[in-house]
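could you work out the structure for the sequence below:
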Amino acid sequence: MEQALLYVVFVVGLAGVMKGGDWLVNSAVWFADKLRISPVIIGATVVSIGTTLPEMVISGVAAYQGRGAVVIGTALGSILCNAGLILGLHHIFKTSSIRSRDTLRKMGIMMASVALLALLGADGEITRPNGALLLGLFLFYLLANIRRSRRAEGRAKPMDGRDTWRQAAAFVFGLAFVVLGARLLVESGVEIARSWGISELVIAATLFAVGSSLPELITSVAAAVKGHGGLFLGNVIGANIFNVLLVIGVSSLIRPVSMDPTVLVQDIPAALVIMAVLVIPSLITRSIGRRQGAAAFILYAAYISWLLYRG
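Numbers count the residues shown, from 1 in each chain. Next up is the predicted model:
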């Protein structure tokens, strides 16, 4: 690909994810209001499923090819990026108030799902029965959240057919723009980085890690800018839960996923520590503050630096 074309593709990808994120958030908030479902639930279910699609596709293909390290690496890399980079960086500049016990519960589930992954993979493999368990927990989590939200919020508002179709189309096209735009950004970004002489190791540890979480990043930024803090938190928390229960669950059903011992002593502990920094103080303060955000971001940067140093 010619150098000039690479920059054009990069700009097109960036425009795609920005516009797609805008459509996705607006339509999600509209449906949340009409269906009397809280923005946290919409972010933690529908939007999170959509923004986890890149990880799902990558991991599903990798599982079919027997590349278990790619499956685990993609899921955990996304979880670390979501917690350390997205939540951490966001809360350096803006605190989040947590008024709902349900949000705190979801944050606990997020940590528990990663701990469960460590437990299931302790023998070096996520088996098909393990995958069935993870997928079953995903379905239970999804249905329980929708049922709880509908019961709390009351009856749905009437929806005009034309508006409903227009908002549904905006959601689908927004999601497509985010996912496809993210792919263009990553692929062109890698080629540009190579042309600048940046090593393959740095590319893998930075661009790929951020790239797999780019849909969550763009959607979350769009939600935060528009003042929909609940949708922002719900999307990131839900995406982390889905990376374990849905992505690894489905992948291990396709083919048992091997887990390298270093994952148990390095990557999973790193993810749990970063999430603990964000979650545990919030149980008392009912907020995620700037110090928590800074600590999570610094820990994530230290983790990436260790990966680079280790080689």
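
Met111 against Leu278, yeah?
No - using CB atoms under 8 Å, Met111 is not in contact with Leu278; the gap is 9.5 Å. From N, CA and C alone the C-beta is placed, and that goes for glycine too.

who has more neighbours, those two?
The neighbour comparison of Met111 against Leu278 (other CB atoms under 10 Å) goes to Leu278, with 25 against 19.

strands along the stretch 101-250 of the chain, start to end?
Using DSSP state E, counting those that start in this stretch, the strands of the stretch 101-250 of the chain run over 125-126.

pLDDT weak spots in it?
149-160, 182-183, 185-186, 189-190, 193, 198-231 (pLDDT under 70).

how does it look with 50?
Scanning the stretch 101-250 of the chain for pLDDT under 50 picks out the ranges 200-201, 204-205.

where do the helices of it begin and end?
Using DSSP state H, counting those that start in this stretch, the helices of the stretch 101-250 of the chain run over 101-120, 128-153, 161-195, 200-203, 209-212, 214-225, 229-242, 249-254.

closest to Thr95 out of these?
Closest to Thr95 of these, according to CB to CB: helix 229-242, at 9.6 Å.

who does the closest one touch, helix- and strand-wise?
helix 3-34, helix 39-42, helix 48-51, helix 68-80, strand 96-97, helix 101-120, helix 128-153, helix 214-225 (3 or more CB pairs under 8 Å, 6 or more residues apart in numbering; DSSP states H and E).

the first one packs against which elements?
To tie it back to what came earlier, the one meant is helix 3-34. By 3+ CB pairs under 8 Å, 6+ apart, helix 3-34 packs against helix 39-42, helix 161-195, helix 214-225, helix 229-242.

show me what contacts Leu299?
Gly84, Gly88, Ala270, Val273, Ile274, Val277 (CB atoms under 8 Å, 6 or more residues apart in numbering).

could I get the contacting residues of the third one?
Pointing back at Ala270 there. By CB under 8 Å, 6+ apart, the neighbours of Ala270 are Leu80, Leu299, Tyr303.

export those residues to a markdown table and tack on distance to Gly131?
Putting the contacts of Ala270 into a markdown table (distance: CB to CB, whole Å) gives the following:
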| residue | distance to Gly131 |
| --- | --- |
| Leu80 | 22 |
| Leu299 | 30 |
| Tyr303 | 27 |
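
reformat the residues you listed as a markdown table; add distance to Thr74 and pLDDT.
Below are those laid out as a markdown table (distance: CB to CB, whole Å; pLDDT from 0 to 100):
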| residue | distance to Thr74 | pLDDT |
| --- | --- | --- |
| Leu80 | 11 | 89 |
| Leu299 | 20 | 96 |
| Tyr303 | 16 | 89 |
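
burial check on Leu246, number of neighbours?
Applying other CB under 10 Å, I find that Leu246 has 26 neighbouring residues.

touching, it and Phe138? I think so.
Yes - using CB under 8 Å as the test, Leu246 is close enough to Phe138 to be in contact (4.9 Å).

re earlier: would you list the helices and strands packed on helix 229-242 in JSON lines and tack on distance to Gly197?
Listed next are those as JSON lines, based on distance: least, CB to CB, whole Å:
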{"stretch": "helix 3-34", "distance to Gly197": "14"}
{"stretch": "helix 39-42", "distance to Gly197": "43"}
{"stretch": "helix 48-51", "distance to Gly197": "32"}
{"stretch": "helix 68-80", "distance to Gly197": "24"}
{"stretch": "strand 96-97", "distance to Gly197": "39"}
{"stretch": "helix 101-120", "distance to Gly197": "36"}
{"stretch": "helix 128-153", "distance to Gly197": "41"}
{"stretch": "helix 214-225", "distance to Gly197": "24"}
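
looking at the helices of the stretch 101-250 of the chain, which is nearest to Asn26?
helix 161-195 (6.6 Å).

by contact count, what packs against the closest one?
Applying 3+ CB pairs under 8 Å, 6+ apart, one finds that helix 161-195 contacts helix 3-34, helix 48-51, helix 53-64, helix 200-203, helix 209-212, helix 214-225.
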